[in-house]
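J.: Below are the sequence and a predicted model for it; my questions follow.
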Amino acid sequence: MTQRCTWCGDDPLYVAYHDTEWGVPESDGRALWEKLILDGFQAGLSWITILRKRDAFRDAFQGFDPEKIARWDDDDVARLLGNPGIVRHRGKIVATIGNAQAYLDLGGSQAFADWIWGYVDGTPVVGHYASLADIPASTPLTTQISKDLKKAGFKFCGPTIVYAWMQACGLFNDHVTGCFRFDQVASEVPPTSPGWERL
């Protein structure tokens, strides 16, 4: 029988996410930004709730295009608050607009990827955790990254959100050691981005 991290249960959507996406190193800055936004929307909710709404989120947020979102105004906020397909939380929606502006201020996709991956020197941190109970909710590193993101103008990026985001995006390989994906993800480390060596 295939061994997996227990957090995904037996929901087919959750299992597919665990098996194909979670923990795979993500080097595309725009994709990293999208996942940070979605993790922010997860605050107070379960990730499966966001996962089930992800397509609706992508449609409502115009493919998570930061350049479009950064120009949104109160009318766009009202439009999203009327969309039952997403999580309708004014603070998180307004924060997304600000987070798009902060992302662009940092220089966009490559600059954002270089910055975030620079915290781990371009190489995923391997957790070597035997069980879910061993995995922390945050670390000193995610606390520092959270502070730096906030300083750069980001919101809904506390240490716990940042930790979950970094796990999902493969900056941490936190599949438990008995999970069949633990070794597979370790072999999927992307080649070093040209930018990381400058950090």
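T.: Right, received. Where do you want to start?

J.: pull the longest helix from this protein.
T.: With secondary structure taken from DSSP state H, the chain has its longest helix at helix 90-106.

J.: Provide the contact partners of that helix at residue level.
T.: With contact meaning Cβ atoms under 8 Å, 6 or more residues apart in numbering, helix 90-106 is reached by 33, 36-37, 40-41, 43, 61, 66-67, 69-70, 72, 76-77, 80-81, 112, 115, 149, 152-157. (C-beta placed from N, C-alpha, C; glycine too.)

J.: So which of those residues are in helices?
T.: Of the contacts of helix 90-106, the ones assigned to helices by DSSP H are 33, 36-37, 40-41, 66-67, 69, 76-77, 80-81, 112, 115, 149.

J.: and the two most separated of those?
T.: Spatial extent of those (Cβ to Cβ) is set by the pair 81 and 115 at 31.4 Å.

J.: Which one of these two is surrounded by more residues?
T.: More crowded of residue 81 and residue 115, by other Cβ atoms under 10 Å: residue 115, with 20 against 12.

J.: Quick check: the gap between that one and residue 101.
T.: From residue 115 across to residue 101, the span is 16 Å (Cβ to Cβ, to the nearest Å).

J.: Per-residue pLDDT of the closest residue to residue 108 other than its chain neighbours, please?
T.: Setting aside the residues directly before and after it, residue 108 is nearest to residue 29 in space (Cβ to Cβ, 6 or more residues apart in numbering), at 6.7 Å. The model reports residue 29 with a pLDDT of 96.

J.: just residue 187 next, same as before
T.: 86.

J.: what's near enough to touch it?
T.: Listed by Cβ under 8 Å, 6+ apart, residue 187 has no contact partners.

J.: Tell me how far it lies from residue 116.
T.: Using Cβ to Cβ, we find residue 187 at a distance of 22 Å from residue 116.

J.: Check residue 105 too.
T.: According to Cβ to Cβ, residue 105 and residue 116 sit 15 Å apart.

J.: Those two: who's more crowded?
T.: Ranked by neighbour count (other Cβ under 10 Å), residue 105 and residue 116 place residue 116 first, with 26 against 12.

J.: ok, the closest residue to the more buried one other than its chain neighbours - how many residues close by?
T.: Take residue 116 and drop its neighbours on the chain: the residue closest to it by Cβ to Cβ, 6+ apart is residue 32, 6.1 Å away. When neighbours are defined as other Cβ under 10 Å, residue 32 has 24 of them.

J.: Contact partners for residue 32?
T.: By Cβ under 8 Å, 6+ apart, residue 32 lies in contact with 26, 112-113, 116, 169.
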